[in-house]
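# Provided below are the primary sequence and the corresponding predicted coordinates.
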Amino acid sequence: MHVLVTGGAGYIGSHTVKELLRAGYKVTVLDNLFRGHRSAMQHLRGADFIQGDIVDRELVAELLKNRGIRAVMHFAALSLVGESVANPSPYYQNNVIKGLALLEAVREAGVPYFIFSSTAAVYGEPEQVPIEENHALRPTNPYGATKLAFEEALRWYDKAYGIKYICLRYFNAAGADPDGELGEDHRPETHLIPLVLKAALGIYPGVTVFGTDYPTPDGTCVRDYIHVTDLAAAHVLALQALEGGLPSAVYNLGNERGYSVREVIEVARRVTGRNIPVKEGDRRPGDPAVLVASSRRIRKELGWRPCYGDLETIIGTAWEWYRLHPEGYEN
Ligand SMILES: NC(=O)c1ccc[n+]([C@@H]2O[C@H](COP(=O)([O-])OP(=O)(O)OC[C@H]3O[C@@H](n4cnc5c(N)ncnc54)[C@H](O)[C@@H]3O)[C@@H](O)[C@H]2O)c1
Ligand SMILES: O=c1ccn([C@@H]2O[C@H](COP(=O)(O)OP(=O)(O)O[C@H]3O[C@H](CO)[C@@H](O)[C@H](O)[C@H]3O)[C@@H](O)[C@H]2O)c(=O)[nH]1
């Protein structure tokens, strides 16, 4: 089975390519390198890398046809909550318009399986936690709205054209490949755990806590952090389930445990043994107060079990990678 992975030179995509190769799949990566890294591909030698954009219908059609691709895993997207509030236009362009061009190419080529990187941001401010998949969908930022729009398209494309899909709604991806080959290198980096660890290394002067007046026990936002390799493993399970005839589905992916921003910083201090200077700042627009998953459905239906569930391990693997690669990937 040959799989096309869009965004496979990015953070979660690259970790998933590694798991796909390990499971014996053939992999082609399509990435425009807007935010991905060519040097991540050096650790994914079994995969073919094509530099290109998902909106390039001719290129995508040719890849799907000539390589006999049977499944697409679609990671390519813009994915920063704050950036999407300040500037929604590229989010609609990239995540919706370009995403739909990709889906059209998939439909025309008759590719039967599609796995989509969705997000907890589709829920918005939760009415109850842990959040189950049937929770109301009311995104509080354009990023979540664009991901929800694509989920909806998948639902209708399945009904009309029979494309079987799984939407995986990740909570906060974190950590790094336990082998130390792949890691998180977003430019610009805006994610909490990398910023905290770079502050521990002295690369950044410190970290700012965005909002201390949320209705949470310590006033800071609560998130559910999930190890990137556990996410990657879920993609392989999802693909195997579709191949085995599972109907289209939507699954949350989180550890079902929330940590506040202050708790994350405390765990990072323990793991690194370093001082991490902290400042308090304003809320970041678009941020819900609490996002914690129920992952009961994917545990039950696909037998998914996290291997790196506790926050010390998650932060520990990220710390190992940053210590070895303080500047991130070479390119
Ligand atoms: N990081 C998280 O915590 C998180 C949580 C929930 C969902 N997600 C989703 O997971 C996916 C991957 O996230 P990530 O953190 O690995 O991001 P990332 O930026 O590291 O990876 C995205 C990759 O897609 C590529 N890309 C973007 N637009 C493209 C286009 N038009 N054509 C070709 N390639 C393109 C980028 O160059 C990059 O390599 C995204 O869809 C994101 O919305 C991420
Ligand atoms: O310098 C910082 C950076 C972040 N935060 C806070 O830390 C938490 C986590 O933030 P971040 O690491 O930026 O992740 P999120 O904004 O929660 O978003 C991530 O997790 C979402 C799912 O929950 C995904 O959809 C997004 O793609 C992914 O970027 C949030 O409460 C932020 O307000 C700070 O206080 N200071």
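In hand now; what should we look at? Bear in mind that the values here come from a model prediction, so they are computed numbers and not experimental data. Ligands and ions are numbered 1, 2, ... in the order given.
# got the residues of the stretch 1-150 of the chain near ligand 1?
Residues of the stretch 1-150 of the chain that fall close to ligand 1, judged by CB under 6 Å from any ligand atom: 6-7, 9-13, 30-36, 53-55, 75-77, 79, 94, 98, 117, 119. For glycine as for every other residue, the C-beta is placed from the backbone atoms N, C-alpha and C.
# hey, C-alpha coordinates of the stretch of helix or strand W321 belongs to in CSV?
With secondary structure defined by DSSP states H and E, W321 is part of helix 311-324. These are the backbone C-alpha positions of helix 311-324, laid out as CSV (Å, rounded to 0.1, in the frame of the first residue of the first chain):
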residue,chain,number,x,y,z
LEU,A,311,3.9,14.8,30.8
GLU,A,312,7.4,14.2,32.2
THR,A,313,8.1,11.7,29.4
ILE,A,314,6.6,14.0,26.8
ILE,A,315,8.7,17.0,27.9
GLY,A,316,11.7,14.7,28.5
THR,A,317,11.8,13.5,24.8
ALA,A,318,11.5,17.1,23.6
TRP,A,319,14.3,18.1,26.0
GLU,A,320,16.6,15.4,24.6
TRP,A,321,16.0,16.6,21.1
TYR,A,322,16.6,20.3,21.9
ARG,A,323,19.8,19.5,23.8
LEU,A,324,21.1,17.7,20.7
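# tell me which residues in that helix are buried?
311, 313-322 (16 or more other CB atoms under 10 Å).
# and it, how far from the chain's centre?
Computed by CA atoms, centre = their mean, to the nearest Å, the separation of helix 311-324 from the middle of its chain amounts to 18 Å.
# what's in contact with it?
Residues from elsewhere that reach helix 311-324, judged by CB atoms under 8 Å, 6 or more residues apart in numbering: 174-178, 180, 182-184, 193-194, 197-198, 200-201, 225-227, 229, 257, 259, 263-264, 267-268, 270-272, 308.
# Inside helices: which ones of those?
By the criterion of DSSP state H, membership of these in helices covers 193-194, 197-198, 200-201, 229, 263-264, 267-268, 270-272.
# Tell me if E280 really is in a helix.
No - assessed by DSSP: H, G, I helix; E, B strand; the rest coil, E280 does not belong to a helix; its assignment is strand.
# Give the burial count for it, as a bare number.
Number of residues near E280 (other CB atoms under 10 Å) recorded here: 13.
# Please give me every residue in contact with it.
By CB under 8 Å, 6+ apart, the contact set of E280 is 208-209, 212.
# Out of these, flag the one nearest to A86.
Proximity of the contacts of E280 to A86 was ranked by CB to CB; the top entry is T208 with 16.6 Å.
# Need phi/psi at that closest one.
Main-chain dihedrals, T208, degrees, to the nearest 10: phi -100, psi 130.
# Packing partners of the top helix by length along the chain?
When every helix of the chain is counted residue by residue (DSSP H), the longest turns out to be helix 142-161. Counting contacts by 3 or more CB pairs under 8 Å, 6 or more residues apart in numbering; DSSP states H and E, helix 142-161 packs against helix 81-86, helix 89-91, helix 99-109, strand 113-119, strand 164-170.
# that older thread, just the buried residues out of the ones in helices among the contacts of helix 311-324, in ChimeraX syntax.
Filtering those down to the buried ones (16+ other CB under 10 Å) takes a single ChimeraX command:
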select :193,194,197,198,200,229,263,264,267,268,271,272
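# Which residue would be the closest one in the stretch 201-331 of the chain to ligand 2?
Proximity of the stretch 201-331 of the chain to ligand 2 (CB to the nearest ligand atom) peaks at C221, 3.0 Å away.
# Count the neighbours of that residue for me.
A count of nearby residues for C221, using other CB under 10 Å, gives 25.
# List the contacts of it.
For C221, counting by CB under 8 Å, 6+ apart, the contacting residues are 210-211, 214, 260-261, 287-290.
# the residue most distant from the middle of the protein, which is it?
In the chain, the greatest distance from the average C-alpha position (CA atoms, centre = their mean) is reached by N275, at 28.8 Å.
# Show me the beta-bridge partners of the residue in the stretch 1-150 of the chain that ligand 2 sits nearest to.
Closest to ligand 2 within the stretch 1-150 of the chain is T119: 3.3 Å, counting by CB to the nearest ligand atom. With DSSP bridges as the criterion, T119 is bridged to Y170.
# D177 reaches T229, doesn't it?
Yes - between D177 and T229 there is a contact at 6.4 Å, judged by CB atoms under 8 Å.
# who touches both of those two?
With contacts defined as CB under 8 Å, 6+ apart, the residues shared by D177 and T229 are 15, 317.
# picking that back up, please produce TSV containing the contacts of C221, extended by distance to ligand 2, secondary structure and pLDDT.
Written out in TSV, the entries for those read as follows (distance: CB to the nearest ligand atom, whole Å; DSSP: H, G, I helix; E, B strand; the rest coil; pLDDT from 0 to 100):
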residue	distance to ligand 2	secondary structure	pLDDT
F210	4	strand	98
G211	6	coil	98
Y214	8	coil	97
S260	9	strand	98
V261	4	helix	98
D287	5	coil	90
P288	8	coil	91
A289	8	coil	95
V290	9	strand	96
